[in-house]
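Enquirer: Whatever this is, show me its structure:
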Amino acid sequence: MKIRNSIRALRTRHRENRLVRRKGRVYIINKRNPRFKVRQG
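Expert: As a prediction, this is how the structure comes out:
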C-alpha cells in the first residue's frame with residue numbers, strides 16, 4: 001500500500017477506484033486491481 005500526502009489525482013487513474021474514509025484516514029481501494037491501494041493520513 002502506498003502512503004501519499006495527496007491522493008485526489010490518483011482516484012481518476014482507474015474506473016474501479018473508490019474513496020473510503022475509515023478511522024480518520026482516507027483510502028483508495030480497488031477490488032479488481034489491488035496495486036491502486038493508497039492511504040492518506
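
Enquirer: Just the pLDDT for the most centrally placed residue in the chain.
Expert: Nearest to the mean C-alpha position of the chain, by Cα atoms, centre = their mean, lies residue 28 at 1.7 Å. Reported pLDDT at residue 28 in the predicted model: 96.

Enquirer: do the same with the one 3 residues further on
Expert: Confidence at residue 31, expressed as pLDDT, is 96.

Enquirer: Helices of the protein, start to end?
Expert: In the chain, no segments count as helices under DSSP state H.

Enquirer: just to revisit the earlier point, now the residue nearest to the centre of the chain: closest residue in space that isn't a chain neighbour?
Expert: Distances taken as Cβ to Cβ, 6 or more residues apart in numbering place residue 38 nearest to residue 28, at 4.4 Å, with adjacent residues excluded. From N, CA and C alone the C-beta is placed, and that goes for glycine too.

Enquirer: what comes up buried for stretch 22-35?
Expert: For stretch 22-35, a neighbour-count test (16 or more other Cβ atoms under 10 Å) marks 27-30 as buried.

Enquirer: typed the wrong thing, it's stretch 8-15
Expert: Within stretch 8-15, the residues that count as buried by 16+ other Cβ under 10 Å are residue 10.

Enquirer: hmm, back to that, can you redo the buried residues of stretch 22-35 as a markdown table with distance to residue 21?
Expert: Formatted as a markdown table, the buried residues of stretch 22-35 follow (distance: Cβ to Cβ, whole Å):
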| residue | distance to residue 21 |
| --- | --- |
| 27 | 8 |
| 28 | 11 |
| 29 | 11 |
| 30 | 16 |
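
Enquirer: Which of those fall within strands?
Expert: Among the buried residues of stretch 22-35, the members falling in strands (DSSP state E) are 27-29.

Enquirer: Much appreciated, bye for now.
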